[in-house]
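*Asks:* Model the following, please.
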Amino acid sequence: MRILHTADWHLGKVLMGRDRTPEIAAALDALIDLVRSERIELVVAAGDLFDHPRPPTEAEAVFFSFLLRLKELGVPFLAVAGNHDSRARFDALGPILSLTGADVTGALRLAEEGGVRRMPWGRVAMLPFVSERRLVRSQHLVELDAGQRMGRYAELMDRVMANLASGFVPGGLNLMIAHLTIEGAHLKLGGGEFKFYVGNGYAVKPDALPLTASYVALGHIHRQQPVSEAPRAWYSGSLVQLDFGEGEDAPRGALVVELEPGGVTRVHPVVARWGKPLKTFRFPLEALERRMAEVETFPGYAKLVIEGRGDPALRERILKENPHVLEVHFQTQAEAAEGHSPVLAQGLAWDEAYADYHRQLYGEAPDAALQAAFLEIYEEAHASDQA
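*Replies:* I've put the predicted structure just below:
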């Protein structure tokens, strides 16, 4: 069985006024070419196909076109909703999308509720994104402290995956498609790489993944990487570099996976650089004229961090003369001294992490009103999984 594993398309993504959908559409064209050249028998997408729960029509048109081309090739498509997708919309469109050979899952369903698909060649467990608020009931979020909440979330996710794995066939081809965070996954933020341990994202430990799974196709982390050997579990990575903080050199793309009943699972990373590269240029103000030659010839989108006190007129001139420069930030000596790159603490819930961030940045904890405002924004940002 030859599978093309992909995730985190983020169709409809707009970066500082630039629509990235055409770049993502070109990457999907490349995936169709891979389906042909690699004799792919199944395409799976592990969530975040769209960047917003209500994507623009242009983004949906690209998605529908991709499915129709897969249908022409006779290749089925399986996908789960990510935290950026609309669960309700996925499930509502499911019957229509099935006409193209696509099978999409928006809301979590246990094995006995149809969460495991019976395929001619084996079984597929569908695990869309489930937020901590949805999995851990609201009263538990109030009654338990941060450590207890994270422990409760991990415990319930263990049960969910065990339940889905109960629908697997021993010795057969068993595939799990999931959108979640695995503890120990590598991230890249602001140019500095670190491993992500539980803390802020309510991560799941690798040993919670079912051993009976032939392969676990993961989405959510945009950096392509393996996270478990038993079972084999990989993040495919995003199709294109979506943000300046992800790192220009971070591996991303897609994976060709070979499955054999009772045999060895082989994973072949697709080495590709789809979409425009994003790069942050940092230099002192006095080096502006010399470094601009490098900026002007950069083939992607650029962000400039200039050390020194600039003026609005200079910023506007740079942006006007260089359409591919999306942001110009003049960094003062005080900002440089403070670093503006606090170290994320491990083992903290989001509210505690924000308080820790504020202490590192300003030397004191946020007051009650600011902390409450952060929590309100956090809840709004995570409401997309309920859309």
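*Asks:* Quick check: which ranges of the stretch 251-387 of the chain have low pLDDT?
*Replies:* For the stretch 251-387 of the chain, applying pLDDT under 70 flags the ranges 333-353, 355-365, 367-369, 371-373, 375-387.
*Asks:* all helices for it, in order.
*Replies:* For the stretch 251-387 of the chain, the helices defined by DSSP state H, counting those that start in this stretch cover 288-296, 312-321, 333-338, 350-362, 368-381.
*Asks:* List the buried residues in the first one.
*Replies:* Judged by neighbour count (16 or more other CB atoms under 10 Å), helix 288-296 contains these buried residues: 288, 292, 295. In short, each C-beta sits where N, CA and C put it, glycine included.
*Asks:* Of the residues you listed, which is the nearest to residue 246?
*Replies:* Nearest to residue 246, judged by CB to CB, of these is residue 295 at 19.4 Å.
*Asks:* contacting residues for the residue nearest to residue 266 when sequence neighbours are not counted?
*Replies:* Of all residues beyond its chain neighbours, the one nearest residue 266 is residue 258 (4.2 Å), with distances taken as CB to CB, 6 or more residues apart in numbering. Residue 258 sits next to 1-3, 265-268 when contact means CB atoms under 8 Å, 6 or more residues apart in numbering.
*Asks:* Report the contact partners of the closest residue to residue 17 other than its chain neighbours.
*Replies:* Spatial nearest neighbour of residue 17, chain neighbours left out: residue 326 (7.4 Å); criterion: CB to CB, 6+ apart. Contacts for residue 326 (CB under 8 Å, 6+ apart) come out as 15-18, 301-303.
*Asks:* Can you get me a residue count around the closest residue to residue 115 other than its chain neighbours?
*Replies:* Distance criterion CB to CB, 6+ apart; nearest residue to residue 115, sequence neighbours excluded, is residue 109 at 3.8 Å. Residue 109 has 16 neighbouring residues, counting by other CB atoms under 10 Å.
*Asks:* so what's the backbone phi/psi at the residue sitting nearest the centre point of the chain?
*Replies:* With distances taken as CA atoms, centre = their mean, residue 220 lies nearest the centre of the chain, 3.0 Å away. Dihedral pair for residue 220: phi 130, psi -40, per degrees, to the nearest 10.
*Asks:* Check whether it really touches residue 47, as I assumed.
*Replies:* Yes. Counting by CB atoms under 8 Å, residue 220 does reach residue 47; the two are 6.5 Å apart.
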